[in-house]
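[1] A predicted structure for the sequence below; I have some questions about it.
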Amino acid sequence: MLQIITDPILIFDEDWQLLVVNPTGRHIFPESVVGASATLILKDEAFVAALHKGTLPNEWHVSEEGPFFIPRLLVSPADETLTSHYVLLLRDISSYKKLSHNQNEFVRIVSHDLRTPLTTIKGYTSMIGMVGEINPKQQEYNEKVMSGIAQLASLVENIQDAGRFDVETGFYVMQRSQCDVTEIVTRVVDGYLIPAEKQELRLTVKIAQDVPIINADGNMLERALTNLVDNAIKYTPNGGKITVSVERVKEQLIISVTDTGLGISPEDQKRLFQRHVRINREEHKRIKGSGLGLFIVRSVAQRHGGDAWVDSIQNVGSVFAFSIPLAGENLILPDQKA
């Protein structure tokens, strides 16, 4: 079996000296001769220390360029005839890492390059009325074009954000600064354009008095909030009510959006914050979306050490929320205060 398994397998004795290695392991680790120590073979003291403790990382790589592995450790206890030994299995995920990197890079380039033509189309479309009168039908078509441009621009932004903010594979470097969450919420809500078909929708803000200034990435928070508000407006029938709230609950800052929409079943709630998940419901078929908005919300929360969730009752409404812990890097240090 050791000869045919293509992932590296190394078996160590109770003193972490090599007993057996398969051909793949010998190829990747040139120092893997019988009797050599785990430290000499693996050349990573921190990883070897984790092996000794039995607390392996989710992923490990030989060097910055790879190969990349998911490590697994099997411990065989001592018996009457054998001393205890350790079996280290390294599942090679280098090809998946490369594929994920190439996919993210492709999405980044394409979404970035789409911005220029979108900006051009939007600019010229908005100036059509400046070069002569247009009749009502032309105006109607013009508004539909502008609506389509807005939808496409929103999709491009979400594709970019989903790739950049992803906790596991994202490449975005957080830009922390003093953030006034009250100001961000007020600006997003005041600047939101309610669609013409939902002019009777009520959008209000409720902010507690004890909301502190935090050390966070304002751009990420704004994108998360924009997605929550956008979703609420999309899925709340005209005449309903949406409330954006900010409050301090113990040592957490909670930002939530409450709507009087159709609600979500318990089964669907479990999947909502996954990438590209949308609710399969007859009433939602005409609503455009990529299924990335809530994934972005959760990613933003997790990058700040928090989380995102939903509480919903069918035919009553939903509360979507995310938390920012008031601890660690999220706190403003005394020497940072203006």
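    Good, I have the coordinates.

[2] who does the helix-or-strand element of the chain with minimal mean pLDDT touch, helix- and strand-wise?
    Least confident helix or strand of the chain, by mean pLDDT, DSSP states H and E, is helix 94-126 with a mean of 81. Counting contacts by 3 or more Cβ pairs under 8 Å, 6 or more residues apart in numbering; DSSP states H and E, helix 94-126 packs against helix 136-165. Placement of C-beta: from N, CA and C, glycine included.

[3] now the least confident helix or strand of the chain, how far from the centre of its chain.
    Chain-centre distance of helix 94-126: 18 Å, with Cα atoms, centre = their mean, to the nearest Å.

[4] by how many degrees do it and helix 136-165 diverge?
    150 degrees (axes from the mean of the first three to the mean of the last three Cα atoms, to 10 degrees).

[5] in helix 94-126, which residues are buried?
    97, 104, 107, 111, 114, 121-122 (16 or more other Cβ atoms under 10 Å).

[6] quick check: the gap between the spatially closest residue to Val316 that is not a sequence neighbour and Ile233.
    Leaving aside its chain neighbours, Val316 sits nearest to Gly263 (5.4 Å; criterion: Cβ to Cβ, 6 or more residues apart in numbering). Separation of Gly263 from Ile233 (Cβ to Cβ, to the nearest Å) stands at 16 Å.

[7] how about Val205?
    According to Cβ to Cβ, Val205 and Ile233 sit 14 Å apart.

[8] more neighbours: these two, which one.
    Ile233 (20 against 15; other Cβ atoms under 10 Å).

[9] residues touching that one, list them.
    Neighbouring residues of Ile233 by Cβ atoms under 8 Å, 6 or more residues apart in numbering: 192, 194-195, 198, 201, 203, 242.

[10] low-confidence stretches in this structure?
    Along the chain, the parts satisfying pLDDT under 70 run over 78-83, 280-290, 334-338.

[11] can you give me the strands in it?
    Assigned by DSSP state E, the chain shows strands spanning 9-13, 18-21, 60-61, 68-76, 85-92, 177-179, 202-207, 214-216, 241-249, 252-259, 308-313, 317-325.

[12] save the ones you listed as CSV, and put in distance to Val167 too.
    Formatted as CSV, these follow (distance: least, Cβ to Cβ, whole Å):
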stretch, distance to Val167
strand 9-13, 30
strand 18-21, 34
strand 60-61, 18
strand 68-76, 17
strand 85-92, 21
strand 177-179, 20
strand 202-207, 28
strand 214-216, 16
strand 241-249, 23
strand 252-259, 18
strand 308-313, 12
strand 317-325, 13
